[in-house]
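Trainee: Quick check, what structure comes out for this input:
(2 chains)
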Amino acid sequence: MHLKTLSIIVGKLTLIAGKILKRGSSLPGMLSLAVNPHILNKLTYPKIKLFVTGSSGKGSTAKLIAKTLKDNGYSVCFNDMGSNLKRGVVTTCIKNCNLRGKIKKDILVLEVDERYVKEMYKAIKPNYLIVTNLTKDQPPRQYNIDIILKEIETNIPKETKIITTMDEPYLRNFELDLPNKNIYFSVDKNKYSYKKQIFENLNTYYCPKCGKRLTYDYYNFETLGKYSCLECDLKWNKPEIIGTELSLEEGTIKIGEQVLSIGGDMLFNAYNTLASYTFLKELDIEEENIIKSINTHNHNKNIEFVKKDKLYKALNCKAENATTYNACVFKVYLDPDLKDVIIGWKEISRRYDHYDISWLYDVEFELLNNDTLNKVYAVGIDKENIKKRLLLANIPEEKIITANTLDEIKEDIIKSKSQKVYGILNFDYMDPFTNTFKEDKE
Amino acid sequence: MITIARLYPDELTLYGEIGNIKALTYALDQKNIKYKVIDIDKEDKIEWNKYDLIYLGSGRENYLKEIQKRLLPYKDELLNYIESEKILLVTGNAISIFSFLDLYEVKRYDERIVSDVEATSSLCKGIIKGFQNTEYLLDGSNHVIFNIEKGIGNNKTKLEGFTYKNFYATTMIGPILARNDNLNNYFIELLTK
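Mentor: Numbers count the residues shown, from 1 in each chain, chains lettered A, B, ... in the order given. Model (predicted):
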């Protein structure tokens, strides 16, 4: 039997076994790769192939695209269940192909880990690549964004069109380094934009072309904004797709006259939705239908609830990714009401045993230090490290409370004079937050 | 008044390096000691005689090379600064910048060194906890700062860092002073002598 067919059969049998045992994993891909390490080169792919990568937001962006495509009559091969590493991609492809290795779908949508895209470009040759963002992320694993940029650029076919936001000057490196076509989108200046930088320790202060300091007309967040270099010709150029009148309260942005739901109340929701929209516009789908589908699926995913006249709101961050924490801190900073804030996680990383807390000092906790902060609770295994960081942000010690668990602070929070409670939480503390404060155990 | 200079903070900004400055200024505030922090960017002139402590943290490879090139013309001023026993603190891969001073050598490794660190030092009592995430290690075992219990020392030995007068270089990244009050206190005492 041909190695290719054997590899597909092994993968498919493992998929069936997994289904019987009710276990989903990327084991089928792993075994397929063990039989034929080049299996991805042997498959026949749909005509349209999209990779979605970046430091964060790639999963939700790819998911929204896949759902919208299905609404509009396309059949989609998408790794929503498998992992975004190579074995996960192989699992998805094996699941969707016939024994001859042909994937009988209209479009391939793959969320791919930024360290692994280079291993899959040659085999799959994507027509499009979305890079949601490149930020500080998991330093022990990723080191720094220059390394990630190089990895994403390595082996990329010159025909692959690259979709990114115009608002991030660092992402212009693709345009400067590669012959590929770039397609840009932007979030217009909005009521949350600011003139003077409020974050420190950012990745990009200098022009990616000539190295001189960039100037900004306004910032949307961190280094996102309308920038220009006074020394060379690099500047923010108005892209074809621009989202206007952003309203985080409503969870909407406008495309022309049409209102687009961004699926949440965070700025990155707007960027991820616009990335999806920009790709979908490249296909032969009516604009109206794209917006209709996005608005159907992109419903508000915020975790918030009111309990005894107090609003509880959980903001989902990713430990070791200072940008996601900054986004949440910025959200709290924008709220003028008195609030209590809870910061915590179960573990910093599931991937490795390293204990690196340097990223905590890249988060601008200083923005919490004002009169609208009632108390801040540092909870979980790193409560003392969080407290130390908050102290060094000059937050008064009497406002900082440490606790081992959310249960320990429940009574304090319930009795607190503030009417709002924000959780700035790693994803592993999202459910415990809801379970602790929403459920009545009385 | 104590003057702390952050050298090239917008380029050397990889791993929460600002935590070290925050730890120092917080401790100075607690002691009601007056200080100022000056950020020196690549466009700025460096006035070596005005600073009591200069700090440099980790940066991306192309920035490290650029900064070394930028500092080369200042070799004599830098050596004078060190000889006059003012404090120069260098963390993470920024150790590579100062190889041109010929006080120590560095070695670049193809495989990045990523490790938790537990160490002791004659600078202060107790354990020092830190983290390494670097492609450079110091190459030599003279004038070391730390005895490494866990982690990777100079030339992959159990001795880490380099010190001469008040020049301190370590591969430990980011907020090492914020994580270790004992080590922070050592620098505060040095600053306030």
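Trainee: where are the low-confidence patches of chain A?
Mentor: Low-confidence segments of chain A, defined by pLDDT under 70: A:1, A:21-24, A:82, A:349-352, A:440-442.
Trainee: Spell out which residues of it are next to chain B.
Mentor: A:136, A:139-140, A:143-146, A:200-203, A:205-206, A:211, A:213, A:322, A:354-362, A:385, A:388-389, A:391-394 (C-beta under 8 Å from any C-beta of the partner chain). From N, CA and C alone the C-beta is placed, and that goes for glycine too.
Trainee: now, which of the residues you listed lie within helices?
Mentor: A:139-140, A:145-146, A:322, A:385, A:388-389, A:391-392 (DSSP state H).
Trainee: Let me know the secondary structure of the residue lying closest to residue B:112 once chain neighbours are set aside.
Mentor: Once flanking residues are discounted, residue B:112 sits nearest to residue B:135: 5.2 Å by C-beta to C-beta, 6 or more residues apart in numbering or on different chains. Put simply, residue B:135 is strand when judged by DSSP: H, G, I helix; E, B strand; the rest coil.
Trainee: List the buried residues in stretch A:383-390.
Mentor: A:383, A:385-390 (16 or more other C-beta atoms under 10 Å in any protein chain shown).
Trainee: quick one, what contacts residue 53?
Mentor: If you meant another chain, say so; for now it's chain A. Listed by C-beta atoms under 8 Å, 6 or more residues apart in numbering or on different chains, the contact set of residue A:53 reads A:111-114, A:117, A:129-132, A:152.
Trainee: nope, chain B
Mentor: By C-beta under 8 Å, 6+ apart, the neighbours of residue B:53 are B:2-5, B:24, B:86-89, B:187, B:191.
Trainee: Could you tell me which of those count as buried?
Mentor: Here, 16+ other C-beta under 10 Å leaves B:2, B:4-5, B:24, B:86-89, B:187, B:191 buried among those.
Trainee: Closest one to chain A out of the residues you listed, please.
Mentor: Proximity of the buried ones among the contacts of residue B:53 to chain A (C-beta to the nearest C-beta) peaks at residue B:24, which lies at 10.0 Å.
Trainee: any idea which element that closest one lies in?
Mentor: helix B:18-30 (DSSP states H and E).
Trainee: tell me which strands and helices the helix or strand following that helix is in contact with?
Mentor: Using DSSP H and E, the helix or strand that follows helix B:18-30 towards the C-terminus is strand B:35-40. Here strand B:35-40 touches strand B:2-7, helix B:18-30, going by 3 or more C-beta pairs under 8 Å, 6 or more residues apart in numbering or on different chains; DSSP states H and E.
Trainee: Compare these and give me the one nearest residue A:236.
Mentor: Residue A:236 lies closest to helix B:18-30 among these, at 27.3 Å (C-beta to C-beta).
Trainee: between that closest one and strand B:2-7, what angle do the directions make?
Mentor: If you take axes from the mean of the first three to the mean of the last three C-alpha atoms, to 10 degrees, helix B:18-30 sits at 170 degrees to strand B:2-7.
Trainee: Residues contacting helix B:18-30, please?
Mentor: A:200-201, A:358, A:360-362, A:389, A:391-394, B:2, B:4, B:6, B:9, B:34-35, B:37, B:53, B:55, B:57, B:89, B:91, B:174-179, B:184-185, B:187-188, B:191-192.
Trainee: Please spell out the PyMOL selection for the buried subset of the residues of chain A next to chain B.
Mentor: Selection of buried members from the residues of chain A next to chain B for PyMOL, criterion 16+ other C-beta under 10 Å:
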select buried, chain A and resi 136+139+140+143+144+145+146+201+202+203+205+206+322+354+355+356+357+358+359+360+361+362+385+388+389+391+392+393
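Trainee: circling back to that earlier point, buried ones in the helix holding residue B:24?
Mentor: B:18-28.
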